[in-house]
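Engineer: task: produce atomic coordinates for the following.
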Amino acid sequence: MSQIILSANAALAFILELIMFYSVGSYGFSIGKTSITKWLFAIGFALIAIALWAIWAAPKSEHRLSSPARYIFEWLMFMAGSFCFFKLNHINWAVGTAILATISVFIAYSSEQ
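Structural biologist: Numbers count the residues shown, from 1 in each chain. As a prediction, the model looks like this:
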């Protein structure tokens, strides 16, 4: 596969990762009832997503999942972010991130084969 495509896909995957962290944090903020709980849920949900990603998907992690489990995990994390957008009634973002994440994970997995 072309190095340009792989580099663009790596950039896309990183952007999707940041968007996923944002969406789960935003969803956490939306379910809180008071200012304190809104911020606790926002920070907590984002930190949980970051911790899971750092443990099982980050390139330098000692516990990084191997292929294909890592790609399934990454896709599920991205879909969780899309679901959070859906729950926030941001349907275009939900659909867009789901489509881009599926394409990105497919390209990453295909490049290993």
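Engineer: run the chain-centre distance for the helix or strand where Met77 lies.
Structural biologist: Per DSSP states H and E, Met77 falls inside helix 69-87. In this view, helix 69-87 has its centroid 6 Å away from the chain centroid, taken as C-alpha atoms, centre = their mean, to the nearest Å.
Engineer: most distant residue from the middle of this protein?
Structural biologist: Thr34 (26.8 Å; C-alpha atoms, centre = their mean).
Engineer: what helices or strands is the longest helix along the chain leaning on?
Structural biologist: The longest helix of the chain (DSSP state H) is helix 3-31. On a contact count with 3 or more C-beta pairs under 8 Å, 6 or more residues apart in numbering; DSSP states H and E, helix 3-31 meets helix 35-56, helix 69-87, helix 91-112. Backbone N, C-alpha and C define where each C-beta goes, glycine included.
Engineer: mind listing what's buried along stretch 1-16?
Structural biologist: 9, 12-13, 16 (16 or more other C-beta atoms under 10 Å).
Engineer: nearest residue to Ser67 in space, please, no chain neighbours.
Structural biologist: Counting by C-beta to C-beta, 6 or more residues apart in numbering, Glu112 is the residue found nearest to Ser67 once chain neighbours are left out, at 5.6 Å.
Engineer: distance check, that neighbour against Glu17.
Structural biologist: 18 Å (C-beta to C-beta, to the nearest Å).
Engineer: go on, Ser61?
Structural biologist: 14 Å.
Engineer: likewise for Leu47?
Structural biologist: For Leu47, the distance to Glu17 - C-beta to C-beta - is 14 Å.
Engineer: next one: Ala108
Structural biologist: 12 Å.
Engineer: re earlier: quick one: which of Glu112 and Glu17 has more around it?
Structural biologist: Higher neighbour count among Glu112 and Glu17: Glu17, with 21 against 10, using other C-beta atoms under 10 Å.
Engineer: just checking, that one touches Trp53?
Structural biologist: Yes - with contacts counted by C-beta atoms under 8 Å, Glu17 reaches Trp53, the gap being 6.7 Å.
Engineer: how close does Phe106 get to Leu52?
Structural biologist: Taken as C-beta to C-beta, the span from Phe106 to Leu52 is 21 Å.
Engineer: quick one: low-confidence parts of this structure?
Structural biologist: Applying pLDDT under 70 to the chain flags no residue at all.
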